[in-house]
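Q: Here's a sequence, model it:
(one chain, ligands or ions: 1)
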Amino acid sequence: MKIAISSDHGGNNLRKEIMALLDELHISYEDFGPTSNDSVDYPDYAKPVAEKVAAGEFDRGILICGTGIGVSIAANKVKGIRCALVHDVFSAKATRNHNDSNVLAMGERVIGPGLAREIVMTWLNAEFEGGRHTRRIEKISELEG
Ligand code: RB5
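A: Next up is the predicted model:
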């Protein structure tokens, strides 16, 4: 599995924590920044991750900002992206099982690093269940036009 990851300035610390986790798990990833703590605009950093996941260059994406809300809204504007904003372990599993989410968004100002690590591990390991959920995913795709 290959992961694309980015954040804005509000998510820098948690992004580094999650990259350390991916290193520990020997999961391949590419970091799309930012490279400093300067204030940046979260759509600029959500865009490359969402576009590269949608293009099939990466299997999954992880996006972090202060709340996780901005990056998730931006990512979900990219056709083919199902970005889930998750701050609990139950939803991390459910959104893979039911929504086949391909991007995970979290807020550094919302949760701590320990919970974020659990969420990422759960989300990476959970599988899409297919069946009736496939029909629902297809209806989401129809909304994209
Ligand atoms: C940046 O201050 C903050 O607005 C951003 O990280 C995020 O929370 C937006 O949704």
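Q: Show me what from the protein comes close to the ligand.
A: Taking C-beta under 6 Å from any ligand atom as the criterion, the neighbours of the ligand within the chain are 8, 10, 42, 65-67, 69-70. Every residue, glycine included, has its C-beta placed from N, CA and C.
Q: Find the residue closest to Thr122 in space, skipping its chain neighbours.
A: Spatial nearest neighbour of Thr122, chain neighbours left out: Ala92 (4.1 Å); criterion: C-beta to C-beta, 6 or more residues apart in numbering.
Q: how close does the one you found sit to Ser6?
A: Spatial separation of Ala92 from Ser6 under the definition C-beta to C-beta, to the nearest Å is 19 Å.
Q: before we move on, what about Ile81?
A: Ile81 sits at a distance of 13 Å from Ser6 (criterion: C-beta to C-beta).
Q: These two: which has the busier surroundings?
A: Neighbour totals were compared for Ile81 and Ser6, and Ser6 leads with 27 against 21 (other C-beta atoms under 10 Å).
Q: Chain neighbours aside, what residue packs nearest to the more buried one?
A: Across the structure, with C-beta to C-beta, 6+ apart as the measure, the residue nearest Ser6 apart from its sequence neighbours is Phe32 (3.7 Å).
Q: quick one: contacts of stretch 120-132?
A: Applying C-beta atoms under 8 Å, 6 or more residues apart in numbering, the set of residues contacting stretch 120-132 from outside is 1, 18, 21-22, 25, 27, 60, 62, 84, 86, 89, 92-93, 95-98, 100-101, 104.
Q: What subset of those residues is buried?
A: Among the contacts of stretch 120-132, the ones that count as buried by 16 or more other C-beta atoms under 10 Å are 18, 21-22, 27, 60, 62, 84, 86, 92-93, 95-96, 98, 100-101, 104.
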